[in-house]
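In: Predicted model, plus sequence, below.
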Amino acid sequence: QVQLVESGGGLVQAGGSLRLSCAASGLTISGYAMGWFRQAPGKEREFVAGINWSGGSTRYVDSMKGRIAISRDNAKNTVYLQMNSLKPEDTAVYYCARAVRITTATREYAYWGQGTQVTVSA
């Protein structure tokens, strides 16, 4: 079964941290860019972070720069998103996805996980 499975979400107070994981099974992340997106209720899904196939290039949404870091472990077929200094406005469902290159365009990501809920309380 081809799937991406996110984990690590939860309820955290403002200023807290979470580390999200995205484990791939039935498909490889090696050779592909990986991205994290989020979607809050009533809002469009937005790009949060991306990492190229080697991990040598990353890209972040301006609103979270300096507070998040994306990384990958190709041997474990897993991508991570470390989030620090979380704010209530970061509350959303966070998704990981696979693409050929780093891009903010959701249409370029072929595989998506089911998402993990992140809730930041004030």
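Out: On my side now, so go ahead.
In: Quick check: residue 113 touching residue 8?
Out: No: judged on C-beta atoms under 8 Å, residue 113 makes no contact with residue 8 at a distance of 11.6 Å. (C-beta placed from N, C-alpha, C; glycine too.)
In: of those two, who's got more company?
Out: residue 113 (21 against 16; other C-beta atoms under 10 Å).
In: Let me know the pLDDT of that one.
Out: At residue 113, the pLDDT value in this model is 95.
In: Please report phi then psi for it.
Out: Backbone torsions of residue 113, given as degrees, to the nearest 10, read phi -80, psi -180.
In: and it, what does it touch?
Out: 3, 4, 5, 6, 22, 95, 96, 97 (C-beta atoms under 8 Å, 6 or more residues apart in numbering).
In: and the gap between it and residue 121?
Out: 24 Å (C-beta to C-beta, to the nearest Å).
In: Please apply the same query to residue 22.
Out: Residue 22 is 24 Å from residue 121, by C-beta to C-beta.
In: Residue 75 should be in a helix, yeah?
Out: Yes: counting by DSSP: H, G, I helix; E, B strand; the rest coil, residue 75 falls inside a helix.
In: before we move on, the earlier item: give me the more crowded residue out of residue 22 and residue 121.
Out: residue 22 (27 against 11).
In: thought the more buried one was touching residue 3?
Out: No: when contacts are counted by C-beta under 8 Å, residue 22 is not listed as touching residue 3 (10.3 Å).
In: and residue 38, that's in a strand?
Out: Yes: using three-state DSSP, the secondary structure at residue 38 is a strand.
In: neighbours around it, how many?
Out: Residue 38 has 22 nearby residues by other C-beta under 10 Å.
In: Verify the contact between it and residue 97 for me.
Out: No: the criterion here is C-beta under 8 Å, and residue 38 misses it with residue 97 at 11.4 Å.
In: Now list whatever residues contact both of the two.
Out: In contact with both residue 38 and residue 97: no residue, using C-beta under 8 Å, 6+ apart.
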